[in-house]
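# missing the sequence, but the structure's below:
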């Protein structure tokens, strides 16, 4: 036990110094709000939120000082490509909202679907309730009717699992390639 380990107090850069950020924020609040906010005790909800924001900023400041190679490589210096970045479905967690969103969702989500047309079904009566009919252009190499029906069912469940409140999708109908061209003209 010859090693003498200790923590020395050195000045942190301003973007990593919690106390500096908090003092600057309090000065800013006092200059811009005036006498509206007078409780600067730790028990004040505003101060609690300010503490959290300052902590988050110090963490960002710490991470900003890393070099890009350090961020993108492992401990041996090799580039990590697997699981390096989040996939869209993990960071874009909202459901599709517009008909175009649903088209993109189904085309990206079901590999055999090349294109889709979505229309409202029978002029829905309630203004906030929508029933949609979906027409799918499936890979033309797939000619087996059972396989095409399976793709339609997969699309049906896939769309309905992320539909919005008050929306419903009818069972999609698979169109042959020539029918899709006729549908686009109308």
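Structure received. These numbers come from a predicted model, not from an experiment.

# okay, now residue 106: neighbour count?
Residue 106 is flanked by 23 other residues according to other C-beta atoms under 10 Å. C-betas here are computed from N, CA, C, even on glycine.

# Assign residue 148 to helix, strand or coil.
helix (DSSP: H, G, I helix; E, B strand; the rest coil).

# Okay, helices next: where are they in this structure?
18-33, 45-64, 68-72, 88-91, 99-109, 145-160, 177-185 (DSSP state H).

# Output those in a markdown table; the columns should cover distance to residue 116 and mean pLDDT.
Putting these into a markdown table (distance: least, C-beta to C-beta, whole Å; pLDDT from 0 to 100) gives the following:
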| stretch | distance to residue 116 | mean pLDDT |
| --- | --- | --- |
| helix 18-33 | 49 | 92 |
| helix 45-64 | 41 | 92 |
| helix 68-72 | 37 | 80 |
| helix 88-91 | 18 | 74 |
| helix 99-109 | 5 | 90 |
| helix 145-160 | 8 | 92 |
| helix 177-185 | 10 | 48 |
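
# State the distance from the closest residue to residue 77 other than its chain neighbours to residue 131.
Distance criterion C-beta to C-beta, 6 or more residues apart in numbering; nearest residue to residue 77, sequence neighbours excluded, is residue 69 at 7.8 Å. The spacing between residue 69 and residue 131, counted by C-beta to C-beta, to the nearest Å, is 53 Å.

# again with residue 160
Distance, residue 160 to residue 131, by C-beta to C-beta: 11 Å.

# ok so, going back, burial measure for the residue nearest to residue 77, as a count.
Using other C-beta under 10 Å: residue 69 sits among 9 other residues.

# For residue 117, find the nearest of the helices of the chain.
helix 177-185 (5.8 Å; C-beta to C-beta).

# Which of the helices of the chain sits closest to residue 169?
helix 145-160 (4.5 Å).

# list residues touching both of residue 160 and residue 131?
Counting by C-beta atoms under 8 Å, 6 or more residues apart in numbering, the common neighbours of residue 160 and residue 131 are 168, 169.

# More neighbours: the two, which one.
Ranked by neighbour count (other C-beta under 10 Å), residue 160 and residue 131 place residue 131 first, with 15 against 12.

# ok, for the more buried one, nearest residue in space, not its chain neighbours?
Spatial nearest neighbour of residue 131, chain neighbours left out: residue 121 (4.3 Å); criterion: C-beta to C-beta, 6+ apart.

# and the one you found, how many neighbours?
Residue 121 sits with 14 neighbouring residues when counted by other C-beta under 10 Å.

# and it, what does it touch?
131, 132, 133, 170.

# ok, now how distant is it from residue 172?
For residue 121, the distance to residue 172 - C-beta to C-beta - is 12 Å.

# Kindly report the same for residue 8.
67 Å.
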